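J.: following is a predicted model, sequence given first.
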Amino acid sequence: MVPLNYYLVLSAIIFAIGVTGVIIRRNIIVILMSIELMLNAVNLTFIAFSRSLGSMDGQVIVFFVMTVAAAEAVVGLAIIISVFRHRQTLDPREMQLLKW
Amino acid sequence: MILFLILAGLSIVFSLLVVFQRNVIYSAMALVATLFLIAVLFLTLEAAMVGILQILVYAGAIMVLFLFVIMLLNPGLLEGRSIAWWIFGSLAAVLLLFVLVPFLSDSGRLLPGQAPAGGSFGSPESLAQSLFTDFVLPFEIASVLLLVAIIGAVVLAKREV
């Protein structure tokens, strides 16, 4: 059997990769995809702990995380479309109307 | 164990491709592959129902939505890369790993290994059992959240009123 630690370290690595994507990318669609990557890393942690503790609660929470991720992706992409319509760009550096 | 190592290596490679690929379509394709691999990892953890939901909802619905938006906006040219910023971001991620990994590999040791799984663990029945008894209020709130997301998406993506 694979020890629990391996799954936790794997999900930490995937989470860190997602953080890197949010920091370095200049395309807002890729930033949203990196956020999905981070959510998936957390889901993996939940499932691993659920298996290790023999409890279904982790899997139910993963179900809710998926719901929230779907809602977040839908609203985020709608915002991207409406920003693109005004600015003709996907670069988050150009979206500075609210910046003082 | 070998299966886990193969899946872990492939999912790390594909998630690196998501981040370091300059073409958006290729990033999306790498993200689909990563989500599939994580779904298989769910299956190895006896979470069959959640694994299937992962494939259906993430790799199916959400990624189709992403690809649809990419093709709708057609972001043409590749983004330029600024080396200093990339080094800074990668350094931040490595530091995050240095914080997380020792903590996680210690905390895992406190738990009693892998619990023996019952026959129905991770099945749709047991998931629904706890979803509709202990978590029935969050379930209803999630349905309201989805309704809000639908309305919000329609209002945001609509032409100017």
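T.: That came through, no problem.
J.: average pLDDT for the lengthiest helix in chain B?
T.: Assignment by DSSP state H gives helix B:83-107 as the longest helix of chain B. The average pLDDT within helix B:83-107 is 83.
J.: against which helices or strands is that helix packed?
T.: helix A:4-24 (3 or more C-beta pairs under 8 Å, 6 or more residues apart in numbering or on different chains; DSSP states H and E). Bear in mind the C-beta positions are built from the backbone N, C-alpha and C, glycine included.
J.: after the helix it packs on, which helix or strand is next?
T.: Later in the chain than helix A:4-24, the nearest helix or strand by DSSP states H and E is helix A:28-53.
J.: buried sites along that following helix?
T.: In terms of neighbour count (16 or more other C-beta atoms under 10 Å in any protein chain shown), helix A:28-53 has its buried residues at A:28-52.
J.: among those residues, which are in reach of chain B?
T.: Counting by C-beta under 8 Å from any C-beta of the partner chain, A:29-30, A:32-34, A:36-37, A:40, A:43-44, A:47-52 from the buried residues of helix A:28-53 sit close to chain B.
J.: any low-confidence regions in chain B?
T.: Applying pLDDT under 70 to chain B picks out residues B:75-81, B:107-119, B:160-161.
J.: closest to the centroid, which residue in it?
T.: What sits nearest the mean C-alpha location of chain B, by C-alpha atoms, centre = their mean, is B:Leu35, with 5.9 Å.
J.: contacts only, for that one.
T.: B:Leu35 makes contacts with A:Glu36, A:Asn40, B:Gln54, B:Ile55, B:Tyr58, B:Ala59, B:Met63, as judged by C-beta atoms under 8 Å, 6 or more residues apart in numbering or on different chains.
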